[in-house]
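J.: Quick one, structure for this:
(chains A and B)
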Amino acid sequence: MSAWETVIGLEIHAQLATKSKLFSGSATAYGAPPNTQANLVDLGYPGVLPVLNAESVRMAVKLGLAINARIAPRSVFARKNYFYPDLPKGYQISQYELPIVAGGELDIELEDGSTRRIGITRAHLEEDAGKSLHEGLPGVTGIDLNRAGTPLVEIVSEPDMRSAKQAVAYMKKVHTLVRYLEICDGNMQEGSFRCDANVSVRKAGADKFGTRAEIKNLNSFRYIERAINFEVARQIELIESGGKVVQETRLYDPDKGETRSMRSKEEANDYRYFPDPDLLPVVLDEKFIEAVRATLPELPDHKATRFARDYGLSAYDAGVLTASRELADYYEKVVRAVPREPKLAANWVMGEFAAALNKESLDVTAARMSPENLGGLMLRISDQTVSGNVAKVVFATMWSSGAVADTVIAEQGLKQITDASAIESEIDAVIARNPGQLADYRAGKDKLFGFFVGQVMKATGGRANPAQVNELLLRKLRA
Amino acid sequence: MSDLHTGTLTQLAASLRAKKFSSVELVTGLLARVERAQGALNAFISVTREQALAAAAAADRALATGSGGALTGVPIAHKDIFCTQGVRTTCGSRMLENFVSPYDATVVAKLKGAGAVMLGKTNMDEFAMGSSNETSYFGPVRNPWDPKLVPGGSSGGSAAAVAARLVPGATATDTGGSIRQPAALCGITGLKPTYGRVSRYGMIAFASSLDQAGVLTAGAADAALMLREMAGFDANDSTSVDTPVPDYVAALEQPLAGLKIGLLQEFFDKGLDPENERRVREALKVYEQLGAKLTVVSLPNLPLSVPVYYVVAPAECSSNLARFDGVRFGHRCENPHDLTDLYRRSRGEGFGAEVKRRIMTGTYVLSAGYYDAYYLKAQRVRQLISADFTRAFQDVDVLMGPTTPTPAFAIGAKTADPITMYLNDIYTIGANLAGLPAVSVPCGFVQDLPVGLQIVGPHFSEARVLAVAHALQRATDWHTRIPAGFA
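T.: Model (predicted):
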């Protein structure tokens, strides 16, 4: 395997989160009954004309600025001509020679902790097609044009990835970015975020690329990894057995875990691109671009660096907490309650809180606990009202009841015992009850210290301050 | 009431407002003329008698309360390229033989809003592709001056209807001369406005970068009135221009003293019929007498107009007509056995020969390996032609020349050779390539057949162009002549 190098480039299609379509006023909401969100423009009726949705332009510019790309002062819509029933006009309006965004980049983190820069050739605006329906329609094909005309931004990378893992890391990075920018909901199941992967292999050290195959329409991170790995193995095996990779379009079958040929280069359409005469060039001046720049949120990489620096978090923790803008925002609100304990807050957000979300498959935004409430609990850990272990009990009650930490602690009597004399009397009682263990400990069985701690905690319902218990117990046992 | 049809659009609008007669009377009279002339001219594809009478009655009610618009009660016809809600819109094609539009084109809605009453939809070359009206699926239109001859095209039905005084005005479209050439051949006035002056929304596209809606009327004053009601920015058409619409009617009376007229040298070429040329030069003499100054102007790239046009227009049409695939609307073949069969037969049966020729030409010039040599090169030459015009307008106010090389020709005379047919538009295509306003006005007769003078102005100079046309029509009466048999 090491004799071969894999070369991957991705074309990511992100559906823009506009209210209406790229060139018509129809709604873009997902899941409506077939053809209820398609007007005369979407249906390609005789005489209708496209009118560009200005919001989609702003969104594409946002993306371009976030990947450090050039925003074209003048970009042009072109027609991509081909016949298909889900393509009402017989052409797709896209951008070809003059895309709105060109020459960007994104850094991905590799497993060994290093980063790799992935070049982004271009990003352009285009409209989506409708879809064919077969289910429940024996002998005929139905057409649903709800999706026809939905705005997409196609983000085309350079062939800069060298493994399926890198491809997934890049895809995830873009996924995080578009959601930060609030230009795409990132819903992969609904097809809002998907990609085509261009995959080729070459002998390690070769300077020319091998012939590539394009795997179409991958809409899960797992499929991307599996499809690419299958395709790489297929190509290597093919070449090693004396065959040749042909340039073609392939489809990934997730059930069989394999890719198969869809059409060869010879069968490929000649799309006869030409500038769409129905639309004026998109002309953007510096003022517009700067106005969009002013609306950019703090970007994931910047946020992660800031978290690591300002909150003293590890790069890994900072990465996890900034994977989504919502989680990062949540975390920062928790920290606001305990500004001196950012690490404690991070542990709880990534630990107990994330686990609780996971258990119910909830999104951060649907959490059953406000960041203020979680912050309140952190405060009680920080001021030693409760120990970490007791706090977990408090957390569970807060999660299910929605109550604030102080109420739960008071009602359930969970306040930590920090009165030294009270703890000492409990210790004395435990020692008195366990003379054998005391003798063994004193004879050198140090491990029994844990036994005594456990007994004291049990006797206090877990409420004794652990540090005090340790200190006092040590003194008493050695006395 | 028998001579109402001789009134101009402007006169009829005024008379209706003055209640000299009712819209119902006028519409009834003209509908009778339309129906009587149909056999001889075939100018209409659909006559909307009932809707017209209902609209006329409504117009009369509005007139009675004085609440009408500028055209309230005035009968007009729409070229069958404009979508009309609830009315069949065929574009002269079998493909749309039974297509009833669910919406009104902006032009239709605007004229309706101004009070105009539609009598029907006029015949045209299929998808506006033709210069003689012979490519219509609904049969050729005949020239009211001589039924053996073509009326010109593609707006032949609208031109014949106005020339025969079946309606005082009709909408039309001009992609390479489709308003001006039939205007010249039928002895009426035809205005193609600046590209972007009138909305293209709801106008079935032939070549989007060239198509422009305009008007056919007897005289320039009527054209000014109709254009004023049709023009303006439309949010539904990104290529319409957001610039105010002047009152073209109020601007009609302008003194011509000092007007600088450029004679388009390239138009007085060897293809121009000498008699036709003589009539044009006589009209130019009238302008001189009115105080205008004539200079000869050369636009060296203009002779390339026809080859440029026959690359650009087919390229755009090959894409624009892809939507007619038998899937959602229009003609669908019987029992298709698969998708390819559905496409092939629906399109094969639905389109006529000229449309197919242009789709194939356009597909070819956009194909990989040919795009640069044809489409891109044509676009570059198009820019050179535009630049020629821009340069010329630094020295002159308007450009003039013949509208067509010859008067109307016989039906069938040029159908065998598309190139001969295409050369008919040699003088008109330039204005489309450069997006300029241009008008054709009658300037005399050659062997009892009308010929036209073409006036081209800078972008958005419709007011000037119409005023210049109007001045000739105040000095001559060519535009008032009515073909024998339709008087």
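
J.: Next, the buried residues of stretch B:345-354.
T.: B:345, B:346, B:347, B:350, B:351, B:352, B:354 (16 or more other Cβ atoms under 10 Å in any protein chain shown). The way it works is simple: take the backbone N, C-alpha and C, and place the C-beta from them, glycine included.

J.: check contacts around the fifth one.
T.: If a contact means Cβ atoms under 8 Å, 6 or more residues apart in numbering or on different chains, then residue B:351 has B:93, B:94, B:95, B:126, B:321, B:324, B:359 as its contacts.

J.: The last one now?
T.: For residue B:354, the contacting residues are B:125, B:126, B:129, B:130, B:135, B:418, taking Cβ under 8 Å, 6+ apart as the criterion.

J.: what's the closest of the contacts of residue B:351 to residue A:443?
T.: Distance to residue A:443, by Cβ to Cβ, is smallest for residue B:324 among the contacts of residue B:351, at 98.9 Å.

J.: Now for the closest one: which residues touch it?
T.: Per Cβ under 8 Å, 6+ apart, neighbours of residue B:324: A:46, B:95, B:96, B:330, B:331, B:346, B:347, B:350, B:351.

J.: Take those residues and keep only those in helices.
T.: In helices, defined here by DSSP state H, the members of the contacts of residue B:324 are B:346, B:347, B:350.

J.: which one among those gets closest to chain A?
T.: Nearest to chain A among these, counting by Cβ to the nearest Cβ, is residue B:347 at 9.5 Å.

J.: quick one, what contacts the closest one?
T.: B:95, B:324, B:325, B:326 are the contacts of residue B:347 under Cβ under 8 Å, 6+ apart.

J.: In TSV, list those residues along with secondary structure and distance to residue B:432.
T.: Shown next, in TSV, are the contacts of residue B:347 (DSSP: H, G, I helix; E, B strand; the rest coil; distance: Cβ to Cβ, whole Å):
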residue	secondary structure	distance to residue B:432
B:95	helix	24
B:324	coil	23
B:325	coil	28
B:326	coil	31
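
J.: quick one: which two of those are the most distant?
T.: B:95 and B:325 (9.9 Å).

J.: For the residue in the stretch 251-400 of chain B that chain A sits nearest to, grab the count of nearby residues.
T.: Going by Cβ to the nearest Cβ, chain A is nearest to residue B:322 of the stretch 251-400 of chain B, at 2.4 Å. Using other Cβ atoms under 10 Å in any protein chain shown, residue B:322 has 23 other residues around it.

J.: per-residue pLDDT, it?
T.: Listed pLDDT for residue B:322 reads 98.

J.: doesn't residue A:84 make contact with it?
T.: No - contact criterion Cβ atoms under 8 Å: residue B:322 and residue A:84 do not qualify, at 10.4 Å.

J.: what pLDDT, on average, does stretch A:358-374 get?
T.: For stretch A:358-374, the per-residue pLDDT averages 95.

J.: Show residues contacting that stretch.
T.: In contact with stretch A:358-374 (Cβ under 8 Å, 6+ apart) are residues A:324, A:326-327, A:329-331, A:333-334, A:336-337, A:345, A:348-349, A:353, A:356-357, A:395, A:398-400, A:402, A:404-405.

J.: From what I see, residue B:7 and residue B:168 are in contact.
T.: Yes - counting by Cβ under 8 Å, residue B:7 does reach residue B:168; the two are 6.7 Å apart.

J.: So the two - more neighbours on which side?
T.: Each of residue B:7 and residue B:168 has its neighbours counted (other Cβ under 10 Å); residue B:168 has more, 30 against 20.

J.: Once you drop chain neighbours, what's closest to the residue of the stretch 1-150 of chain A found nearest chain B?
T.: With Cβ to the nearest Cβ as the measure, residue A:90 is the residue of the stretch 1-150 of chain A nearest to chain B, at 2.4 Å. Spatially, and ignoring its direct neighbours in sequence, residue A:90 is nearest to residue B:322 (2.4 Å; Cβ to Cβ, 6 or more residues apart in numbering or on different chains).

J.: Report the contact partners of the one you found.
T.: Per Cβ under 8 Å, 6+ apart, neighbours of residue B:322: A:81, A:83, A:89, A:90, A:91.

J.: what residues go with each domain of chain A?
T.: A:12-196+A:272-291, A:300-411, A:420-478 (automatic domain parsing).

J.: By mean pLDDT, show me the worst of those.
T.: The stretch with the lowest mean pLDDT among the domains of chain A is domain A:420-478, at a mean of 89.

J.: Any chance you could list what contacts stretch B:3-15?
T.: B:21, B:25-26, B:29-30, B:33, B:70-76, B:165-166, B:168-169, B:217-219, B:221-222, B:225-226, B:249, B:482, B:487.

J.: Alpha carbons only: can I get that stretch in CSV?
T.: Extracted C-alpha coordinates of stretch B:3-15, given in CSV (Å, rounded to 0.1, in the frame of the first residue of the first chain):
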residue,chain,number,x,y,z
ASP,B,3,-65.4,54.0,-40.9
LEU,B,4,-64.2,53.8,-37.3
HIS,B,5,-61.4,51.5,-38.4
THR,B,6,-59.7,54.4,-40.3
GLY,B,7,-59.2,56.2,-37.0
THR,B,8,-55.7,56.1,-35.6
LEU,B,9,-55.1,54.7,-32.2
THR,B,10,-54.6,58.2,-30.8
GLN,B,11,-57.9,59.4,-32.4
LEU,B,12,-59.8,56.4,-31.2
ALA,B,13,-58.6,56.8,-27.7
ALA,B,14,-59.7,60.5,-27.7
SER,B,15,-63.1,59.8,-29.4
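
J.: Point to the residue nearest the middle of the chain.
T.: Looking at chain A here, since you left the chain open. Closest to where the C-alpha atoms of chain A average out (Cα atoms, centre = their mean) is residue A:176, at 4.4 Å.

J.: meant chain B actually
T.: Mean-position check on chain B, Cα atoms, centre = their mean. Result residue B:179 at 2.4 Å.

J.: Give me the pLDDT value at it.
T.: At residue B:179, the pLDDT value in this model is 98.

J.: Would you report the backbone torsion angles of it?
T.: phi -100, psi -50 (degrees, to the nearest 10).

J.: for chain B, what are the nearby residues on chain A?
T.: For chain A, the contact set with chain B under Cβ under 8 Å from any Cβ of the partner chain comprises A:40, A:43-52, A:79, A:81, A:83, A:85, A:88-91, A:143, A:270, A:272-274, A:277-280.

J.: and those residues, which of them are in helices?
T.: No part of the residues of chain A next to chain B ends up in helices, with DSSP H as the criterion.

J.: buried subset of these?
T.: A:40, A:43-52, A:79, A:81, A:83, A:85, A:88-91, A:143, A:272-274, A:277-279.

J.: So which of the residues you listed sit within strands?
T.: A:79, A:81, A:91, A:143, A:274 (DSSP state E).

J.: helix/strand/coil for residue B:484?
T.: Following DSSP: H, G, I helix; E, B strand; the rest coil, residue B:484 is assigned to coil.

J.: ugh, wrong one, I meant residue B:336
T.: coil.

J.: List the residues that contact it.
T.: Contacts of residue B:336 by Cβ under 8 Å, 6+ apart are B:326, B:342, B:345, B:346.

J.: Could you rerun that using 6 Å?
T.: residue B:342 (Cβ atoms under 6 Å, 6 or more residues apart in numbering or on different chains).

J.: Look up phi and psi at it.
T.: phi -60, psi 140.

J.: Name the residues of stretch B:85-92 that are buried.
T.: B:87, B:88, B:89, B:90, B:91, B:92.

J.: Tell me where the stretch 301-450 of chain B has helices.
T.: B:305-320, B:339-350, B:353-366, B:377-392, B:418-422, B:429-434 (DSSP state H, counting those that start in this stretch).

J.: Out of those helices, indicate the one that is most buried.
T.: Of all the helices of the stretch 301-450 of chain B, helix B:429-434 has the most neighbours on average by mean count of other Cβ atoms under 10 Å in any protein chain shown, namely a mean of 28.
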